[in-house]
Structures are given as C-alpha cells and as structure tokens.
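S.K.: coords below, sequence missing:
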C-alpha cells in the first residue's frame, strides 16, 4: 500500500481482475490482506469469525508494531471501532440515539442555516481570490465539522486544531514521531474538553457520555470516553468532507448528470448514493482480523491477519455493479447496494446524518451557484494523503459570483 495515497481506482481495477482478495504490505513491512470484491467484502464484514478487537492482531500481540506506526490509532483506540460483541453493543447504544432518522431530521433546519452562512463565505472567498475559492476549505469541511462539534458541545475555537490533528491521525504517510505527537495532543485536547464538560455540563452528547461514565458500573470508562469522542469527531467530519468534495468533482465532470438533478429528473439523494458507490470517501478502512484461518473467495486469510476493507474497489466491482461500474450514473438502478457505509454490526452509525448533510449541501450549493465549476483540471488536483481517505486535498472552484 502506498502510504502517500493517490487515486485508487486504476490499482483497484488491476487487483480486482486477479481476484476479490489481495495480499498487501502495510507500512513498516507488516503483511496484511485487502478484501476488494463486493460480495466477498459484504460477507467478510458480517462474518461471525471476524473481529475488530486489537487482541486479535497477531503482529501487535507479538510486539512487532511500534508506537509511531501510522495506523496504530485505527487498531487500538478504545471505542466502537475496536470492540466486539457485548462491548460493541454497549458503546454503540450510548451514542445511537443522537443519530436516529428522527433526530437527524430535527437537525435539518440548523444544517440549512449553517449551509447558507457557509455559501456566503464561499462567495466572499471567491471575490477575494479573483473568482476562485477552495470549496473543500470554505464549504465541505466546516459544515460537517461544525455540526458534529455542535452535537458534542465542543467550543468552535477548537475546531481548526481538531481537524488538523485528525488529518494527521488518519493519514498513512505521517512520520512516526509526528504521529505519536499528534495522537498525544489529540487525546490531551479531548481530555480537556471532557474535563470542562464535567465541570459545566450542557445539553450535548459529550455531557451525556460523561454522565454515563460517572454513573459507576461498567457503562463507560475514561479511555472509552476519550476514544468515543475521537471517533465521533474524526468519523463525523472526515468522511462527509470527502463525500461532498467527491460529489462536487463528479458533478462538475458530468454536467449531464448535474442537469438531471437540477431539472428535477433525479434526486440529490441519488447523487449522494452514486458518489458513495463510485468514489467512496473511504478507500481502505483498517482493520478486521479473522479469529481463525478463514477462506474468503477462495483465498486463505490466516488468523490474526490485519485486513483492510476495500470500499472504493467494491464500489466499482463489475461483478456486482455491471460492466459499466466505472461510469458515474445517478439514474443507476440495481438491487445491489454499495457497501461504502459498511455492513453488518459495524455499519456506520452516522449514515443518516452524512446522507442528510451531503444532499442538503449539494442542493444548496448548485442552487446558489448553478454555473459552479472546477478552476483547475481534475488531473491537477492533489490527492489526499494516505490510502484510508479517498479525495483531494483542495478543490479550487469558480462559483460564478
């Protein structure tokens, strides 16, 4: 795996042509596997003999993973993404009420208000930049980051630092010393946020989690509290940031598809779903581990192997999505649903919120700026650092203001 990332689709196609499962070499020369095919990945994600807990990671248990390993947080952060069975259900239950369809719909007016303000900011940035502004920085980032921080009761003053540290944590090319420092600072910052909420609780998710911690018993430990906040902030904005960015890129490159939705012949929700399939905001997500030697799509994955979920590859698997799987088509009809938000017990808890934010953001953007287009060719855009996230670092656009 290339720690510096890059566009995954050409490499995915080559790997898929050879099979649904591929051996990979992770940073630090750690041997792993990637499940790429749609059907194989769907089955693997819900397999009863596949775990998320770090105790199942053989190389970690044997002491072969250094402190500065760039993927260490994914493997070891206490919380839902590294818990199994009853522990996973306990942790998920503590936050699930904040992400129900009803609760998300209640957030819609607030998201609309935030979006309108950000569009004003995007227009102002374009006027100050000779007609060009970075849509990722001025629009796709502050919307989901602001919403998740508001849900958690995090002071807006912390948002820029939280995003910077999150970016270092999820990148796979972060230098070891920098990775250790970023993780330490992020944990310390979240600890100080939790301490402030302990002193002055509010009507927010962080305060609710602290109350669960302080009730006693085994509902939530302090490390799980910090790990849950870390997960909520990173997953609550990095993925939606990439989703909105990738959708704008796709629509600008496929003006016929944009016309379908602006003319009312398709829905903005269709754009979101096709973007999730065609250009998944997460390319390869770490980790799952077979708890026994497991054969997947004819390939043996030894017990304790770290396995990547290849969402971007599965989204363009022709055996599932047809021979035109590499074509962006918002009118696509298929009984096969993409896997980009996961599958099985670890299905993305924030899926309803991400879908609502993205659909609303795209509709508002192209209603306000119907002639918006990229300011540079797609080939000139710099890709995201790492092979976990899948997007570009900046998206210069001309809104046409």
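M.R.: That came through fine. What you are looking at is a predicted structure, and each value in this text was computed from that prediction instead of being measured.

S.K.: What are the boundaries of the strands in the stretch 51-200 of the chain?
M.R.: 133-134 (DSSP state E, counting those that start in this stretch).

S.K.: Could you identify the longest helix within the protein?
M.R.: In the chain, with assignment by DSSP state H, the single longest helix is helix 222-253.

S.K.: distance between the helix or strand following that helix and the chain's centre?
M.R.: Using DSSP states H and E, the next helix or strand after helix 222-253 towards the C-terminus is helix 255-262. Here helix 255-262 is found 26 Å from its chain centre; the criterion is Cα atoms, centre = their mean, to the nearest Å.

S.K.: So which bits of helix 255-262 are buried?
M.R.: For helix 255-262, burial by neighbour count (16 or more other Cβ atoms under 10 Å) applies to 257-258, 260-262. Where C-beta positions appear, they are placed from N, C-alpha and C, glycine not excepted.

S.K.: same thing with stretch 89-109?
M.R.: 90-92, 94-95, 98-99, 104, 107.

S.K.: and what of stretch 210-220?
M.R.: 210, 212-213, 219-220.

S.K.: Quick check, central residue of this structure?
M.R.: residue 239 (2.8 Å; Cα atoms, centre = their mean).

S.K.: about what we covered before: just name the closest of the buried residues of stretch 210-220 to residue 115, please.
M.R.: Comparing those against residue 115 with Cβ to Cβ picks out residue 210 as the nearest, at 30.0 Å.

S.K.: Going by secondary structure, the closest one is in what exactly?
M.R.: Element membership of residue 210 [criterion: DSSP H and E] is helix 205-214.

S.K.: what does residue 34 give?
M.R.: Element membership of residue 34 [criterion: DSSP H and E] is strand 30-35.

S.K.: Give me the sheet partners of that strand and which way each runs.
M.R.: Sheet partners assigned to strand 30-35 using DSSP bridges are listed as strand 21-26 (antiparallel), strand 307-310 (parallel).

S.K.: what distance separates stretch 309-324 from the middle of the whole chain?
M.R.: 18 Å.

S.K.: Pull out the buried residues from it.
M.R.: For stretch 309-324, by 16+ other Cβ under 10 Å, it's 309-317, 320-321.

S.K.: same deal with stretch 324-341?
M.R.: Neighbour-count burial for stretch 324-341 [16+ other Cβ under 10 Å]: 325, 328-330, 332, 338-341.

S.K.: what's the burial count for residue 10?
M.R.: 9 (other Cβ atoms under 10 Å).
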